[in-house]
Structures are given as C-alpha cells and as structure tokens.
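Peer 1: take a look and give me a structure for this.
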Amino acid sequence: MSKAAPVRTSARGNTDRLLVGAGVVASLVVVWLATHQLAALAGFAAGTLALGGLVWTLGRPRGEATPTEFALPDWSVTVAAIERADAAVAITDRAGRLVCGNARYEDWFGIAHAPPRLEVDNASLERLAKAGRSAWRDGKGSADLVEGAGGRWTAGALRAGRGDDYLVWTLTPIAGSDLVADLVPHLVGKLGRALSQAGVAAAIVDPDGKIRVASAGFAQRATGDSAALLTGQDFTPLLRQDERDRITWARDGQRGAPITMFYLPVADPDSAVEPDYNTTPSLMLLADHGTGLGGGGGDGTAAVPHLEALLGPLPLGLAMVDRDGRMLFANPAFMRAAGREHDAPPTYPTDLVVQEDKGPLSDAVRRFSQGPASSGDIAVRLKGMAEEPVSLSLAGVRGLGEAAVLLGLTDSTEETRLKRQVAQATKMQAVGQLAGGVAHDFNNVLTAILGTCDLMLLRHTPGDSDYDDIQQIRANSNRAASLTRQLLAFSRQQTLRPEVLQLPDVVSDVSHLLKRLIGEKIQLVVTHDRDLGAVRADPTQLEQVIVNLAVNARDAIQAKGEGGRITIATRRVTAADVRGMRNAIMPQVDYTALSVEDTGTGIPADHLGKIFEPFFTTKETGKGTGLGLSTVYGIVKQSGGFIFADSEHGKGTKFAVYLPVHYQTKDSPRVEAADARAANVPQVQWSGGGRILLVEDEDMVRAVAERALTRAGYTVVSASDGDEGLEIIQQGEEFDLIVSDVVMPAMDGPSMVREVRKIAPNLPVLFMSGYAEEQLRKQIDIAGVHFLPKPFSVQQIGDKVGAVLSGG
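Peer 2: This next block holds a predicted model:
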C-alpha cells in the first residue's frame, strides 16, 4: 500500500524559532558589552539554554507527528478520485494484482482479471502487455486498440506511487456509429422521399431476409400504400422473376415493368475488423428503368457490379460469364487457382485451358447459360499445369443481368501436393515389399553357394589350382549378399541394433571418414543446434545414412566440375514446426532433424520422385548400383523417421532426415552399445556335440546346413517341412536343439515350434531366416528362441549352434 505524504512544520512555527534565536544572540551581546568577562557571559548563556529547553519541553504539543511519520492510505479516497463515467480506471501493483478500480471498470471487465490480462483478443493482449512493459520502463505506455466482446477501447498506463510501485490504467471506449441506426431516419425522412421521386425504392434488409425499414416509395410500390408498415416482413415475396429472368414488383403481376436491384452491405468502412457479410444488414435499392440507375435495357445489365463487389473478397475461386461466353469478372481466388494470380482476367474462360479443352468448355458454358438453371462439373487442363486436370464447376444463374453462368475453381495446389506424397509413400511401400521378398529368396540361394564354397575350401588349400576360383566365387557371393542387405534395408526388413543416442555424436564419429571420402577440394561444414532431443536408432546404420548422402553430394559437386561445399546440420523441430510444414505424412510430434546439403548439379524435377526407388541411378554404367538412396530410405523408415529431398537443378540438393525424439520412460528398453555388439558373438565355445533336428524346405540350404553341422560333431536329423519335423518329435525322438526355417509351405516354423513346445517345453529353438530379427520377433511372439540371419557361412552356423547349446 502507498503511504500519505509526511506531515511538515508550518511556516509560522519556523518564523517564531527565528525570532527567539535572534533575541538570545542580542542578550549575549549586551552582557558582553556590560561586563567584558567570559565567565559572566558563559553563565548567562548556560542559564538561557536551560530555561529555553524547559520551556520548549513543557510547551511542545502532544501527539504531533514527526517529520518521518506517514499517514496510513485510505483507498476509498483513491477510488473516489478515479471514479469516471466515460472511462474505466484500474490500479495494479508490480505483481500484476488489481488494487482497485472504478465502477466503470467493474462493469466492462469485471474484477476477476487485471490489466494487461483482460478478456480481449490475442492481438489486444499483446498490445496491452507492450504498454505495461513501456510504463514500467519509461513511466507511461499506450495501446491504440483493445478489442473484446464488450467493445473497443484505447488504453494508457501510467507509473505512479512514491516507490513507482503501481500502474494506473485508463481504458477509454472508441466512439463508433451504428450505420444502420444512422441510416434509418434518413430512409423514412427527406432522403427516402427524394429517392422515391427519382424512381428508386429503398429498404434495409437483415441477414434473415426480414425488412428492418423501408422508404415510403418502397412501401408504395410494394403494397400500394406509402404509409404501410413493412418492418418484420419478408423481402423476397414482394418481388417476382419471369421466364426471361427479369425482376418486377410482385404486386404488378406479369405485366409489371422490369426493375434493377442494387445490393449494398451496410458495413463500417473504418472498422479494423473484416466485416462478416453473412451477419451484415443490406441496403436494397430498386430502380425503375429510365431513372439513370436501372439502365435503358430490360435485361438488368447493372447487376454485375454489385455481384463483383459481393464475390470479390470470397476465398472461393468464382467467376461470372455471359451468354456469349465472355468473362464478366473473376475474383482473385479464381485467378490464383488458375495459375494467373497477378494477371487480369482473360476475355474468355477458354483462354485459361489447353487447346484440346477449349471446345468442351465452350460447349459447357453455352449449355448451362440456356434453359432452366442447373449445375455440373467438367475436367479441364489449365495452361502451365496440363499434367494435372482440375475440376471446373459450372452453374446456370438467372436474374443477375448479363451474368448467365457462375464458374467455380478451387486452388488444388496443396491437395495435389498431398496426393503426390501419399502416392509416393504407397509406391515405396509396395516396392519395398517386393524387394524384401526377392531378397529373402535370394538369401536362400546365397546361403547354399556360400556354404558349398566353405565346404570346398576345406578340401582345397592355398596353392591348389581350384582354390583361387573358389575364393572368387565366395567373394562375388559376399558382394551379392551385401546387395540383398541393401534391399532388406530399403524394405525395412534388416536387423537393427537400436540405441538411445544424440545425432551430433554420430556425425562427429563419421566426420573424419567423410573428409577422406569427399577430398580436399570440397569443403565440409558441420553445424549443430542446441537442446536437441535424443533419438533411438542403430548408430551403425545412421553412419551409413550419412556416408551415402555425403558420397552422393560429393559426386554431384564433382560432376559440376568445380569445388563446392557440403553442409551437414542437426536441428530441433518441434510439433508446432511440423504443423507449420503442413505435411500430411509426418505425425505432429517433436523431431531431431539431420540435413545434408550440397552445391552440386541438383536433381531434375522429373527425377526427384524416383530417387529413392531401388536400382534407379543417373550415374554412368558401372558407377552406381542405384541402391544408395534406397538403402538410406529403408534405414530411416525402419527407424521410425522420414526423409525428404529438395533440389534446384544447377544449384544443389538438400536431404532432410527427421527422427522422432525418444523420451525415456520406465518401460522403455535400454540397449547398451556393448550388449548390441556382443549380440552376434558367441560367449562360450561348445564342443560337447548333441542331437539336432534340422527343418528346412529348401533342399540346397538343408544339405549345406546338415553337412556343416555333421562336420562340427553333431548328430543331425533332417525334415523338409514343419509337418515332417513335428511328426519326428511326436514319435518320441529326443533332441538338444531345433534348427528351423521360418517360412515354409504347409506348416511354417513358428507353428511347428508351438506344437513342439506342448511336448518339450524347454527345447531350445534356432530360427534361420532372411528377414529381420526384430520384425520376426514381433510376428512370432515365442519365448526362448534364437535367430540366425541368412545368408550364413559354415563357420557361422556352427558357432551359433554352439552358442545356443552352451546357453550363451
């Protein structure tokens, strides 16, 4: 609370003190002149001071306030001082609390909210907050416009108080006029009579079609009685329209003279708020022909201008065409949808379409401009956008003067973009499924080839004439195996070892390799945003993503024939940023983005939609497999992310990878890097042998696996499918391990294992498959199973079986 001003001593008291002091000094001078003795002078002075102090003590008024005391504030006085009928006044403290306010403030804003946090629109809240900050800083602030449900005001804030601890807010209403209320007395008065003499009938009609007020001339023409009260009656029944679309007074019947109707929305032109024509009353002017307003013809040609004023600001693409096919007007939205945003409307709507569609569009306009009013659509191809047909709506209109056909065209740019995104995603998913199936079948062939090579190498030593040939076959098989792994990566079916990590750490780990790959002539720039969220992905696969994108960028720069720059950046992308991107594919969550941008040749627009497809490449024969970007696409999608490419031919390309931020919860799996690396390494060397049931439908794979396991000291019993394997178990034979394929005809591997577990619940199982382990575990959902990816070598299957039997 503020305090009152300190109580000061009166001017009269100060004068008395001065007179007493002068008298004392005069007495001391007289004593000195009379005695010339210091002792006498000192004694007289001491006595005088003692007597004066006693008199002052006894004579001092009791209860007088000291100069440092303050009177307690009385807020009722403040409220009385700020009471105004023409403005709302409120006082707030530094904590933003409402200290007091006048009655007008309580009526307009209530006492639940204090400035600047009033119940007004967002723009007004920002203006009030800015005024408050200015007042605290500079002593005063203002807001030119504050708008709310209760009205419009200007606001001012003034810093006050002995410690500058308060703000005095003053909100003054902005005077505004009700145009309809102002217009009513004029229509029923002299202006209405003047319009009637000129042959113009006037009325104000509310949005619901009811008449609010009508001039005497309007009442005379509509009812025959100039004194008739039409307030509250429907406007439309007072008029009629004949077969030639002419408007006449309903009272005059079929022989009535045609009239022209002008429509004018009554909206405040000085309002800062965009008028809503659906809730705005209208001024209707009905003019007889020959008045200079209605024109000389009988077809109502003056109807077009008011239609243009009505349809112009609408966000829908609308245009009007006459019976001869000439375009009367087109609003900005129509021209924007037609790809001619800054051009003037053409003479004919057919000027907007390609040559092949001019005839059909001209026939459609002619058809809808004649006969009864009807509507329909026609597919046309616009000039400059011929590859994407658009739907043009046509509707016959009557009674609007020259206007005969209403054209509607919607800006479908965003819709077309979203359709392309969905189509691209669907195509990539289909291609991925095909690639995954091909890779799985090819892995079976490679398993047989690699296994046979390994078995042959056991019988051939270095220096043997066949040794080098076998090694060459094995090397090419391994190369083919890497291609299948890339296909599986594209189809999102490879085995991943995800970890919770930070993207800058992965970029840092691979940056030294990138510098060697791109060469000295190309500059590598790495930037990182702050407060990046962690992501959950396989770091090895992410490194492959970065390397593939960087190598592609290097090739693009080198193809340009000059030095360039590759920029790798990480940045934070919030859910609000995703909403601003207007991307229908990405969920609106937080992401950490990785971008790789180059200054190379760029990608042609006709190639941009194909770059992620497997085996698509623009490089020379022998210089690319076409699997680099498809592998990147698969890794990103399998990690739950998204990748987009933006390129301008001749200037460069930018790839953006979005990975969802991983928020650690109690149930989130924790995968340590050491555990992930150790997942494929056997922990214990097994040498105790054992009985193994081998179930595999591919004869060549079964033969290689059986020979490899037999050579390793195991007793192997083979079965060609799940039914045969289950039958062997049901016959009572005992085994230490089941090694089985997953996908087989008739009974597959998982179905067989479920039946076997009913007989031998603790029997370990090792699945062999060319599909991803993570994907299979989700589909199989069987506890205590192990996984061996195809293709595998003789050594790998032996080590994996030993690890399973040893419990590793």
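
Peer 1: give me the most central residue, the chain.
Peer 2: residue 579 (0.9 Å; Cα atoms, centre = their mean).

Peer 1: which strand or helix spans it?
Peer 2: Using DSSP states H and E, residue 579 sits within helix 575-581.

Peer 1: now whichever helix or strand comes after that helix: average pLDDT?
Peer 2: Next along the chain after helix 575-581, taking DSSP H and E as the criterion, comes strand 591-598. The average pLDDT within strand 591-598 is 93.

Peer 1: pairing partners for strand 591-598, with directions?
Peer 2: Each strand paired with strand 591-598, and its direction, by DSSP bridges: strand 564-573 (antiparallel), strand 652-660 (antiparallel).

Peer 1: any chance of those strands in JSON lines with distance to residue 161, mean pLDDT and mean neighbour count as columns?
Peer 2: Where C-beta positions appear, they are placed from N, C-alpha and C, glycine not excepted. Output for the strands paired with strand 591-598, formatted as JSON lines (distance: least, Cβ to Cβ, whole Å; pLDDT from 0 to 100; neighbours: other Cβ atoms under 10 Å):
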{"stretch": "strand 564-573", "distance to residue 161": "43", "mean pLDDT": "92", "mean neighbour count": "19"}
{"stretch": "strand 652-660", "distance to residue 161": "52", "mean pLDDT": "93", "mean neighbour count": "22"}
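
Peer 1: the ones you listed into JSON lines, with extra columns for distance to residue 76?
Peer 2: Below are these laid out as JSON lines (distance: least, Cβ to Cβ, whole Å):
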{"stretch": "strand 564-573", "distance to residue 76": "54"}
{"stretch": "strand 652-660", "distance to residue 76": "60"}
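
Peer 1: which stretches of the stretch 251-400 of the chain form helices?
Peer 2: For the stretch 251-400 of the chain, the helices defined by DSSP state H, counting those that start in this stretch occupy 303-311, 332-337, 355-368.

Peer 1: what about those, which gets the closest to residue 729?
Peer 2: helix 332-337 (69.4 Å; Cβ to Cβ).

Peer 1: what is that closest one packed up against?
Peer 2: Under the contact criterion of 3 or more Cβ pairs under 8 Å, 6 or more residues apart in numbering; DSSP states H and E, helix 332-337 touches strand 317-321, strand 405-409.

Peer 1: if you average pLDDT over it, what comes out?
Peer 2: The model assigns helix 332-337 a mean pLDDT of 86.

Peer 1: residues making contact with that helix?
Peer 2: Residues from elsewhere that reach helix 332-337, judged by Cβ atoms under 8 Å, 6 or more residues apart in numbering: 312, 314-319, 341, 343, 345, 390, 407, 409-412.

Peer 1: emit the PyMOL select command for whichever of these are buried.
Peer 2: Selection of buried members from the contacts of helix 332-337 for PyMOL, criterion 16 or more other Cβ atoms under 10 Å:
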select buried, resi 317+318+319+345+390+407+409+410+411+412
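
Peer 1: closest one of the contacts of helix 332-337 to residue 542?
Peer 2: Out of the contacts of helix 332-337, the member with the shortest distance to residue 542 (by Cβ to Cβ) is residue 412, at 37.6 Å.

Peer 1: check that closest one and give its pLDDT.
Peer 2: 62.

Peer 1: and residue 295, by the same measure?
Peer 2: Residue 295 is assigned 44 on the pLDDT scale.

Peer 1: also the one 3 residues further on?
Peer 2: Per-residue confidence at residue 298 stands at 40 (pLDDT).

Peer 1: and if you look at the one 10 residues further on?
Peer 2: Per-residue confidence at residue 308 stands at 69 (pLDDT).

Peer 1: next one: the one 4 residues further on
Peer 2: Per-residue pLDDT puts residue 312 at 76.

Peer 1: that one: what's it in contact with?
Peer 2: Residues near residue 312 by Cβ under 8 Å, 6+ apart: 329, 331-332.

Peer 1: do the same with residue 127
Peer 2: Contacts of residue 127 (Cβ under 8 Å, 6+ apart): 143-146, 155.

Peer 1: need the distance between the two termini of stretch 227-246.
Peer 2: End-to-end distance of stretch 227-246 (Cα to Cα, to the nearest Å): 27 Å.

Peer 1: who's in contact with that stretch?
Peer 2: Against stretch 227-246 from outside (Cβ under 8 Å, 6+ apart): 203, 205, 209-214, 216, 218-219, 222-223, 247-251, 254, 256, 258, 261, 284, 286, 298-300, 398-400.

Peer 1: could you pick out the buried ones from those?
Peer 2: Buried among the contacts of stretch 227-246 by 16+ other Cβ under 10 Å: 203, 205, 211-214, 216, 218-219, 222-223, 247-249, 256, 258, 261, 284, 286, 300, 399-400.

Peer 1: nearest to residue 93 among the contacts of helix 332-337?
Peer 2: Using Cβ to Cβ, the contacts of helix 332-337 come closest to residue 93 at residue 315, 46.3 Å.

Peer 1: roughly how far does that closest one sit from residue 643?
Peer 2: 34 Å (Cβ to Cβ, to the nearest Å).

Peer 1: what's the answer for residue 137, then?
Peer 2: With Cβ to Cβ as the criterion, residue 137 and residue 643 are 48 Å apart.

Peer 1: higher neighbour count, the two?
Peer 2: Neighbour totals were compared for residue 137 and residue 643, and residue 643 leads with 20 against 10 (other Cβ atoms under 10 Å).

Peer 1: so which elements touch the helix or strand where that one lies?
Peer 2: For residue 643, the host element (DSSP H and E) is strand 642-648. Here strand 642-648 touches helix 628-638, strand 652-660, going by 3+ Cβ pairs under 8 Å, 6+ apart.

Peer 1: kindly export the shortest one (C-alpha atoms) in CSV.
Peer 2: Extracted as CSV, the C-alpha positions of strand 652-660 are listed here (Å, rounded to 0.1, in the frame of the first residue of the first chain):
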residue,chain,number,x,y,z
GLY,A,652,22.3,-28.1,-55.4
THR,A,653,20.3,-30.6,-53.3
LYS,A,654,19.2,-30.8,-49.7
PHE,A,655,18.2,-34.1,-48.0
ALA,A,656,16.4,-33.7,-44.6
VAL,A,657,16.0,-36.7,-42.3
TYR,A,658,13.5,-36.4,-39.4
LEU,A,659,13.9,-38.8,-36.5
PRO,A,660,11.3,-38.7,-33.7
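
Peer 1: tell me the pLDDT at residue 269?
Peer 2: 68.

Peer 1: likewise for residue 377?
Peer 2: On pLDDT, residue 377 comes in at 87.

Peer 1: before we move on, back to that, among the contacts of residue 127, which are in strands?
Peer 2: 143-146, 155 (DSSP state E).

Peer 1: gap between residue 217 and residue 180?
Peer 2: Taking Cβ to Cβ as the measure, residue 217 falls 19 Å from residue 180.

Peer 1: the two: who's more crowded?
Peer 2: residue 217 (23 against 17).

Peer 1: pull the contacting residues for the more buried one.
Peer 2: Taking Cβ under 8 Å, 6+ apart as the contact definition, residue 217 lies against 192-193, 195-197, 200-202, 226.

Peer 1: change it to 6 Å
Peer 2: By Cβ atoms under 6 Å, 6 or more residues apart in numbering, the contact set of residue 217 is 196, 201.

Peer 1: the bottom helix or strand of the protein by mean pLDDT?
Peer 2: When the helices and strands of the chain are scored by mean pLDDT, DSSP states H and E, helix 673-678 comes last with a mean of 38.

Peer 1: can you give me phi and psi for residue 169?
Peer 2: phi -100, psi 130 (degrees, to the nearest 10).

Peer 1: number the chain from 740, please
Peer 2: Will do, 740 is the new start, and the previous item becomes residue 908.
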